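Enquirer: Sequence plus predicted model, see below.
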Amino acid sequence: MSQNSNTPHEDELRDEYDENVLRNGIRGKYVQRLAAGSNIVRLAPDVAAAFPTEEAVNDALRLLLNVAKTSVRQTV
């Protein structure tokens, strides 16, 4: 379903929005900035299926960190 770009938009746009900016915007303009300031981690589907909530993932990782810290202290 393609639209002819020469036809005016039929929907009503608020006066404070510049139609040219919306039409000629740059896709992904801020993606590098977002990635640099983000700590989002994507889980593999099989791992995500094992955890019902975000809190469950955090609890499991905290438990793993505690086990790792305890085992390192015992061997040193």
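Expert: Okay, I see it.
Enquirer: and the gap between residue 70 and residue 63?
Expert: To residue 63, residue 70 is 11 Å away according to C-beta to C-beta, to the nearest Å. Yep, even glycine has a C-beta here, placed from its N, CA and C like the rest.
Enquirer: oh, I was asking about residue 48
Expert: From residue 48 over to residue 63 (counting by C-beta to C-beta), the distance is 18 Å.
Enquirer: for this structure, what spans make up the strands?
Expert: In the chain, no strands are defined using DSSP state E.
Enquirer: Just give me the residue closest to the centre of it.
Expert: For the chain, residue 40 is the residue whose C-alpha lies nearest the centre (C-alpha atoms, centre = their mean; 6.3 Å).
Enquirer: For this protein, spot the helix or strand the model is least confident about on average.
Expert: In the chain, the helix or strand scored least confidently by mean pLDDT, DSSP states H and E is helix 19-23, which has a mean of 76.
Enquirer: Pull out the buried positions in it.
Expert: Using 16 or more other C-beta atoms under 10 Å as the test for burial, helix 19-23 gives no buried residues.
Enquirer: give me the low-pLDDT residue ranges for the chain?
Expert: Along the chain, the model assigns pLDDT under 70 to residues 1-10, 73-76.
Enquirer: As a check, name the ranges of all helices in it.
Expert: For the chain, the helices defined by DSSP state H cover 19-23, 31-36, 45-49, 54-75.
Enquirer: can these go into a markdown table with extra columns for distance to residue 12?
Expert: Written out in a markdown table, the entries for the helices of the chain read as follows (distance: least, C-beta to C-beta, whole Å):
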| stretch | distance to residue 12 |
| --- | --- |
| helix 19-23 | 11 |
| helix 31-36 | 30 |
| helix 45-49 | 41 |
| helix 54-75 | 39 |
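Enquirer: wait, which of those helices is closest to residue 13?
Expert: helix 19-23 (5.9 Å; C-beta to C-beta).
Enquirer: Return the distance of that closest one from the chain's centre.
Expert: Offset of helix 19-23 from its chain centre (C-alpha atoms, centre = their mean, to the nearest Å): 25 Å.
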